[in-house]
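# Everything below, folded, please.
(one chain, ligands or ions: 1)
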Amino acid sequence: MQDFLADPWKCFYAGVAVAVILFFAFFGVGGLADSDVQAMLSRWLHVLGAIVWIGMVWFVNFVMLPANYAMSDEERPVLLKYIAPNVAPWFLHASTVTLVFGLLLAMQTGQFMDAMTIGAWEGFAVPKSIMLGIGIWIGIIMWVFTWFFIWPNLKVVLGRVPGDKEAKMIARRKMRNFARKNLILTIPVTFAMLAGAHAL
Ligand code: HEM
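Model (predicted):
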């Protein structure tokens with residue numbers, strides 16, 4: 001048991017196995033119609049991706065960056081070597097999982113055009129589509145910030161892209177500013193998504 005708990009990947013697969021059992025049990029007792037199965041799988045992966053992504057945004061803003069500022073120049077390389085490079089793949093890929101399964105879900109539930117046009121497709125008559133559309137566009141903006149503003153600057157900070165001390169300082173500031181913008185957006189996107197999913 002100690003060996004098992006020492007390995008996060010074993011715990012991850014155990015969680016997946018329990019969820020798969022639950023899924024088949026739910027389906028078996030008629031909790032899911034055949035036609036809902038694909039959308040349910042997308043919804044599950046979408047929300048799982050969102051939890052990891054938003055969790056990472058909060059971790060970076062409230063734990064990693066404050067630690068970075070509090071550390072001395074001698075201590076900082078530890079963070080840059082052991083923590084920051086391991087955070088990056090999680091928020092990058094989780095953001096893409098969230099986006100891809102979110103768009104797929106919108107198609108599977110027949111809401112794609114209504115939501116992408118923020119309700120204009122239905123003459124702005126359906127509050128659910130307007131809210132979902134606002135949520136989706138906030139999510140897309142966050143994904144663009146993640147891949148095209150945070151990641152390129154993080155690469156400079158980590159030394160994967162060449163840059164002198166001045167370039168690293170500018171990259172660090174830009175990265176922080178976009179991480180902060182994403183932090184702001186996590187709160188309305190959660191509201192808009194839930195309202196969009198559960199409104200009439
Ligand atoms: C990146 C672009 C995104 C797209 C295309 C997208 C798309 C969708 C769609 C189509 C739904 C289903 C609405 C329904 O059932 O009628 C949904 C629900 C949801 N989304 Fe997103 N979303 C995105 C980003 C996010 C983000 C960043 C979060 C993080 C908070 C998030 C969290 C949720 C939650 C919690 C639900 C509710 C699931 C439910 O209660 O059924 N989404 N999303």
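# which residues of the protein score low on pLDDT?
The chain contains no residues with pLDDT under 70.
# Now do the helices in it.
Under the criterion DSSP state H, helices of the chain are mapped to 2-6, 8-28, 37-59, 65-70, 76-78, 84-108, 112-116, 127-145, 151-157, 165-198.
# neighbours around the nearest residue to residue 199 once chain neighbours are set aside, how many?
With Cβ to Cβ, 6 or more residues apart in numbering as the criterion, residue 199 has its nearest non-adjacent residue at 4.3 Å, and that residue is residue 128. Every C-beta, even on glycine, is put in place using the N, C-alpha and C of the backbone. Counted with other Cβ atoms under 10 Å, residues neighbouring residue 128 total 18.
# Residue 196 is in contact with residue 128, correct?
Yes - with contact defined as Cβ atoms under 8 Å, residue 128 counts as touching residue 196 (5.9 Å).
# any residues in contact with both of the two?
Residues touching both residue 128 and residue 196 by Cβ atoms under 8 Å, 6 or more residues apart in numbering: none at all.
# roughly how far apart are the most centrally placed residue in the chain and the ligand?
Nearest to the mean C-alpha position of the chain, by Cα atoms, centre = their mean, lies residue 53 at 2.7 Å. Relative to the ligand, residue 53 is positioned 6 Å away (Cβ to the nearest ligand atom, to the nearest Å).
# residue contacts, residue 72?
Per Cβ under 8 Å, 6+ apart, neighbours of residue 72: none.
# Over to it: give its phi and psi.
Phi and psi for residue 72, reported as degrees, to the nearest 10, are phi -80, psi 170.
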